[in-house]
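Fold the following, please.
(2 chains)
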Amino acid sequence: MPSIENWILDLWIIATASLVAASCAMVGVFLILRRQALMGDAISHSVLLGIVLAYLLAGTNTLWVMLTGAVIIGLLTAWLSESLHKLSRLQSDASIGIVFTLFFSIGVILVSLYTGHIDLDQECVLYGEIAFVPFDTVIWGDMETGTDLGPRAFWLILIVFTLVALSIAIGFERLKTVTFHPSLAVSLGINITFWHYFLMTLVSMTTVASFDAVGAILVVALLIIPASSAYLLATSLKRMLWLAIAYSQGSVWIGYALSYWLDSSIAASIAVSAGALLALTLMVIQIRKWIQQQHYAKQLQSGESA
Amino acid sequence: MFEFSPFLATALIGGIGLALISAPLGVFVVWQRQSYFGATLAHSALLGVSLALLMQTNLSGTIIVVSLLIAWGIFTLNHTQQLSSDTLLGILAHSSLALGLILISLQDSVQIDLMGYLFGDILSLNQNDLILIAVTGVLIALFYWKHWRDMLNITLNSELAQVEGTEVKKVQLQFILLLAFMIALSMKMVGVLLVTSLLIIPAAAARRLSHTPEQMLGWSLILGVLSVLTGIAGSYWYDLPTGPAIVMMATLIFGLLLFKKQ
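Alright, predicted model coming up:
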């Protein structure tokens, strides 16, 4: 029997998932445009190490500790792969590959060594369990008398979402120049390096906030897929951002319904429906192209006969 | 204590075999900037695992078939230029991984050790895998024996290679299919998420020691075997997950070689 409490649980899950998807979509737009999909992949993997280290060193899993740990490791990944690329003249994709697999391995080894002590289990870390999100709540005040403010993951992603949205809104023009005309940006005196690492910070924050909900692996799907669907249709950066958000929300709703229907993992279903939406978009575009071609061919023919 | 069981013997032989087949492919993966391609194939191999469980088919066989299909799919999609290739790889990697996870979560009756597939379990190698590894090794040797020069030409300048009469597309497709074979086999040992490092790190380390492509091939074979052996030893003695242990050892070797002056 569906009770009112179940509805509230579902609501928290969907709210968290939509915020995760929206933040990922916004950051993903820049990753796609700057052709840094691999970098997003790398950061989302190595953030695992950041979280585990922060947890082991600080002993708590408070929001700020996790965020700081993840951002530091995320920036370290970006910086190390770039220096490796420059120092040893190794191809950039190979150096990214080396750095993030190393960090990820260390993270996995730490989790497997301390898995008894910490409340981080491997499967949870990898693909998250959004269904458990509502049970880990933030309580204001006393454990017993305090008021329940709602799920921890929700607040974390809300903070990150706000940060991402604000920084994109404020730095919009700068980001646009850096993304589309890097050399123009240099000649205008915009610090490209700063904006690069700024973007990497956003990626790390989004990843860590999405961790509870979708885990380290599937977050990449949410970073890349809605943004690329938007890329296929958009004509301006602003449109692309909005379209990406719309696609991400669509995937959340379809994915949630799918997981309800099949009784499968929610995060994975969301990722799969994002993929399905992309495939659909590609198909529609192809069909439209084909129709247009037919149309032109017909025009050409009638023109010849006339 | 060191007990020499048949399991361990299989594991060691399998490990050395995998290092020997991944290193030569890795050399070109690094040169041709295809690291992300390797990672994508590895992620989609998990789809193979879940399909095999769903349809009750042979595990290694299904993984190989799925990897080959995906490899071929990427190869053809790459030539239609709707999205940039790294975006395309990211999309394919993660949507197939997600699909794999859904298919696994649908099968309530099956208890499988997902961690084994994600991070590798050296003890999961069996006799059949050894035979498959040997076959792949022979195929790779044959391929390089025939096409080593062609691959070098393609890497340097694929248009020029085409003009000179190399069948660029055909050779590339063969290389990519071999890569799919190798990844399907090695995911059992190092796991889906870390196969890339088995490909790139020995090759990247070998770069520091070599002056010619042939030397790089030789060194990457040696360093690959070395990191697999030390990794297995570490995983055996300290009870670490095998894949991550191998990656750590490989990166250690790479890191040490970074200090060498070139």
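
switch to C-alpha atoms for all contacts and neighbour counts from now on
OK.

Tell me the helix or strand right after the helix or strand where residue A:44 lies.
If you go by DSSP states H and E, residue A:44 is part of helix A:37-58. Counting by DSSP H and E, the element after helix A:37-58 in chain order, helix or strand, is helix A:63-87.

and that following helix, anywhere near chain B?
No: counting by Cα under 8 Å from any Cα of the partner chain, chain B has no neighbours in helix A:63-87; the shortest distance is 8.9 Å.

Averaged pLDDT, that helix. What do you get?
Averaging the model's pLDDT scores along helix A:63-87 yields 87.

Which residues of chain B lie near chain A?
Remark: the part of chain B in contact with chain A comprises B:30-31, B:33-36, B:82-84, B:86-87, B:90-91, B:94-96, B:98-99, B:101-102, B:105-106, B:115, B:194, B:196-197, B:200-201, B:204, B:240-241, B:243-245, B:247-248, B:251, B:258, using Cα under 8 Å from any Cα.

from these, which would you call buried?
Buried subset of the residues of chain B next to chain A (neighbour count, 16 or more other Cα atoms under 10 Å in any protein chain shown): B:30-31, B:34-36, B:83, B:86-87, B:90-91, B:94-96, B:98-99, B:101-102, B:105-106, B:194, B:196-197, B:200-201, B:204, B:240-241, B:243-245, B:247-248, B:251, B:258.

Could you check which residue of the stretch 151-300 of chain A lies nearest chain B?
Distance from chain B to each residue of the stretch 151-300 of chain A (Cα to the nearest Cα) is smallest for residue A:268, at 4.7 Å.

didn't that residue look like it was pressed against residue B:105?
No: with contacts defined as Cα atoms under 8 Å, residue A:268 does not count as touching residue B:105, sitting 9.5 Å away.

and residue A:293, how many residues sit next to it?
12 (other Cα atoms under 10 Å in any protein chain shown).

so what's the backbone phi/psi at it?
phi -60, psi -40 (degrees, to the nearest 10).

Residue B:118 versus that one, what's the distance?
When distances are taken as Cα to Cα, to the nearest Å, residue A:293 and residue B:118 turn out to be 46 Å apart.

What number of residues are in the vicinity of residue A:238?
Other residues near residue A:238 come to 12 when the count uses other Cα under 10 Å.

pretty sure it is in a strand, no?
No: counting by DSSP: H, G, I helix; E, B strand; the rest coil, one finds residue A:238 to be helix, located in no strand.

I'd like the distance between it and residue A:21.
Taken as Cα to Cα, the span from residue A:238 to residue A:21 is 18 Å.

pLDDT wise, what is residue B:3 at?
The pLDDT attached to residue B:3 in the predicted structure is 55.

Ignoring the adjacent residues along the chain, who's closest to residue A:228?
With Cα to Cα, 6 or more residues apart in numbering or on different chains as the criterion, residue A:228 has its nearest non-adjacent residue at 6.7 Å, and that residue is residue A:32.

what about that neighbour, helix or strand, and which?
Taking DSSP H and E as the criterion, residue A:32 maps to helix A:4-33.

Pull the distance from that helix to the chain's centre.
Average the C-alpha atoms of helix A:4-33, do the same for its chain, and the two points are 10 Å apart (Cα atoms, centre = their mean, to the nearest Å).

can you give me the strands in chain A?
Read by DSSP state E, chain A holds these strands, from start to end of the chain: A:137-140, A:147-151.

Output the longest helix belonging to the chain.
The chain I'm using is chain A. Using DSSP state H to assign secondary structure, the helix with the most residues in chain A is helix A:192-233.

You answered for a different chain; I wanted chain B.
With residue count as the measure and DSSP H as the assignment, chain B has helix B:127-156 as its longest helix.
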